[in-house]
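> below: sequence and its predicted model.
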Amino acid sequence: MKIILTTLLITLTIVSTSYSKDFNIEDYGAIGDGETLCTQAVQKAIDACTFYGGGRVVVPSAKTYIIGTIYLKSNVTLYLEKNATLKSTLDYDLYTTDTYKTRYKLEKHMSRCLIYAEDAENITIEGHGTIDGNALEEYFHPKNGTGRPMLMRFLRCNNFNVKDVTLINPASWTTDWVFCDNITISGVDVVAQMQHNGAAIALDGCTNVQVTNCNFDTSDDAVAITSSAKDKPSKNMVFSNCTFTGKWSAFRIGLLSLGDFESISVTNCTFTNITDAGFKIQMNEGAELKNMVFSNIVMKNVPRPIFMTFCQQKASVDAPDGMFPMKAMHHFNFNNMIIDNSELDKDANIFITGMPNHYITDIQLSDIQMILPGGGTKEDAEKENINEYTLDVLDGWWPEFKLIGTLPASGIYVRHVNGIYMNNIQIKMAGEDARPPIVLEDVPNYAANEIYLNYKKLKSVVVRK
């Protein structure tokens, strides 16, 4: 009996010690010379960590380890020491094909990835090291017979933390979270400019998300929130204290939109030199999009600070036959914003549009300062019959601004909206503009208080039937 108890005690001690110890990838054969392929060694360290109940898989400092696809597992912390680098191999065949898929139609070439986890929980990626996608176009592009792997994809994972790491050079998206719950991303720097489609964070049907204190420099939408399954809503998300720069949009919410969206908050962020839009909110595929707050935002050189569309267009790879019914977009609050677009052209304005008989409802714009370039002509001001986002106009396109052209308002153009409240909007023009600052078209219910143009209070806004 004494021997059995002693053996049990030793076993428990080993398990306890293993759980708390680090699993250094060099102990499993990894060589950090920037040339040797270390995929198997890193995976062995992850597997050992999992076998002993969890712990830290350590990537040693000041070295570069080349890997193909690796699989993270439950209760594993991937810890990158200072100046440590995990770098993608240039051999496309070493990115495996069992890492799920991209959910957008026409983007199958983006289905592989470098780091993957599925049906796992309690995972952390942290440290002051770097994960490098090494996305040279001659190695990663469909025109060369390969594809463009994402840096990371996580499917149905819970309790996931990413902290303090630097993520660079993905061949397409940086992180792709699909049907995950309880995600925390903090202190992360993303530089994704080596190829196009370099989104920083893609959240599809995810819940309970917090993103704080991050810096994003991207070649696509920095944050893309989608919902590609009817039973997987995107909700309960908070973004704060982040900086954004790069191509396309800072936030794109919707587009891929079979499931519902609700309860999203963005606060205390700066957007600089974004080529398309600040907040791009688009319902396409028949779900409901509601209850969102965007506050304390500073934008400079962001052509469409707020761009909202309600239309019909298929985006999902799994979209059913037939077009979707239009459901609802409602309750959006934009407040405490400074928008400086004085260096851009005349198409730098807020644009919000539903469709005839399908209104966006209940929008609030308050305490907003806009510095605009001017340049609009009398012909622009008189422009009528502005394109709708109907199927014949879209013709396979996403609902992008270029399908519309110059708007008849210099600052804010709102169409097919029922219920918009505007208060304390201050517009200053850097140059002459023949267009009125605010135009409402097919807006049955509205209120406009304390509207100023070049320091002068306006008695009313232009309303078109």
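Alright, I've got the coordinates.

> give me the nearest residue to Tyr92, chain neighbours excluded.
With CB to CB, 6 or more residues apart in numbering as the criterion, Tyr92 has its nearest non-adjacent residue at 4.0 Å, and that residue is Thr146. (Glycine included, C-beta is placed from N, CA and C.)

> that neighbour contacts Leu94, correct?
No: Thr146 lies out of contact with Leu94 (CB atoms under 8 Å); the separation is 11.3 Å.

> which SS class is the residue nearest to Tyr92?
Secondary structure for Thr146, judged by DSSP: H, G, I helix; E, B strand; the rest coil, is coil.

> look at it and report its pLDDT.
Per-residue confidence (pLDDT) for Thr146: 96.

> and what of the one 10 residues further on?
At Arg156 the predicted local confidence, pLDDT, stands at 98.

> need the contact list for it.
The contact partners of Arg156, taken as CB atoms under 8 Å, 6 or more residues apart in numbering, are Glu118, Asp119, Val178, Phe179, Cys180.

> likewise Ala120?
Leu72, Lys73, Ser74, Phe154, Cys157, Asn158.

> related to what we said a few turns ago, and the residue nearest to Tyr92, how far from Val439?
48 Å (CB to CB, to the nearest Å).

> for the stretch 51-200 of the chain, what spans make up the strands?
For the stretch 51-200 of the chain, the strands defined by DSSP state E, counting those that start in this stretch occupy 55-59, 64-67, 70-71, 76-80, 85-88, 113-118, 121-127, 130-132, 150-155, 158-163, 166-168, 175-178, 181-186, 189-192.

> turn these into JSON lines, including mean neighbour count and distance to Gly419.
Converted to JSON lines, the strands of the stretch 51-200 of the chain look like this (neighbours: other CB atoms under 10 Å; distance: least, CB to CB, whole Å):
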{"stretch": "strand 55-59", "mean neighbour count": "23", "distance to Gly419": "52"}
{"stretch": "strand 64-67", "mean neighbour count": "23", "distance to Gly419": "52"}
{"stretch": "strand 70-71", "mean neighbour count": "20", "distance to Gly419": "49"}
{"stretch": "strand 76-80", "mean neighbour count": "23", "distance to Gly419": "47"}
{"stretch": "strand 85-88", "mean neighbour count": "24", "distance to Gly419": "49"}
{"stretch": "strand 113-118", "mean neighbour count": "23", "distance to Gly419": "42"}
{"stretch": "strand 121-127", "mean neighbour count": "20", "distance to Gly419": "42"}
{"stretch": "strand 130-132", "mean neighbour count": "23", "distance to Gly419": "45"}
{"stretch": "strand 150-155", "mean neighbour count": "25", "distance to Gly419": "38"}
{"stretch": "strand 158-163", "mean neighbour count": "19", "distance to Gly419": "38"}
{"stretch": "strand 166-168", "mean neighbour count": "21", "distance to Gly419": "40"}
{"stretch": "strand 175-178", "mean neighbour count": "26", "distance to Gly419": "33"}
{"stretch": "strand 181-186", "mean neighbour count": "19", "distance to Gly419": "33"}
{"stretch": "strand 189-192", "mean neighbour count": "23", "distance to Gly419": "37"}
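
> next, format the ones you listed as a markdown table and append distance to Ile25.
Compiled in a markdown table, those are given as follows (distance: least, CB to CB, whole Å):
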| stretch | distance to Ile25 |
| --- | --- |
| strand 55-59 | 6 |
| strand 64-67 | 7 |
| strand 70-71 | 10 |
| strand 76-80 | 10 |
| strand 85-88 | 9 |
| strand 113-118 | 14 |
| strand 121-127 | 13 |
| strand 130-132 | 14 |
| strand 150-155 | 18 |
| strand 158-163 | 19 |
| strand 166-168 | 18 |
| strand 175-178 | 21 |
| strand 181-186 | 23 |
| strand 189-192 | 23 |
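
> closest one to Phe307 among those?
For those, the distance to Phe307 is smallest for strand 189-192, at 21.4 Å, taking CB to CB.

> distance between the closest one and the chain's centre?
Computed by CA atoms, centre = their mean, to the nearest Å, the separation of strand 189-192 from the middle of its chain amounts to 12 Å.

> list of residues touching it?
Strand 189-192 is contacted from outside by 165-170, 174, 198-201, 214-220, 222, 246, using CB under 8 Å, 6+ apart.

> strand partners (parallel or antiparallel) of that strand?
Strand 189-192 pairs in its sheet with strand 166-168 (parallel), strand 215-218 (parallel), by DSSP bridges.

> which strands and helices sit next to the helix or strand just after that strand?
The helix or strand immediately downstream of strand 189-192 is strand 201-204, counting by DSSP states H and E. Applying 3 or more CB pairs under 8 Å, 6 or more residues apart in numbering; DSSP states H and E, one finds that strand 201-204 makes contact with strand 175-178, strand 223-227, strand 234-240.
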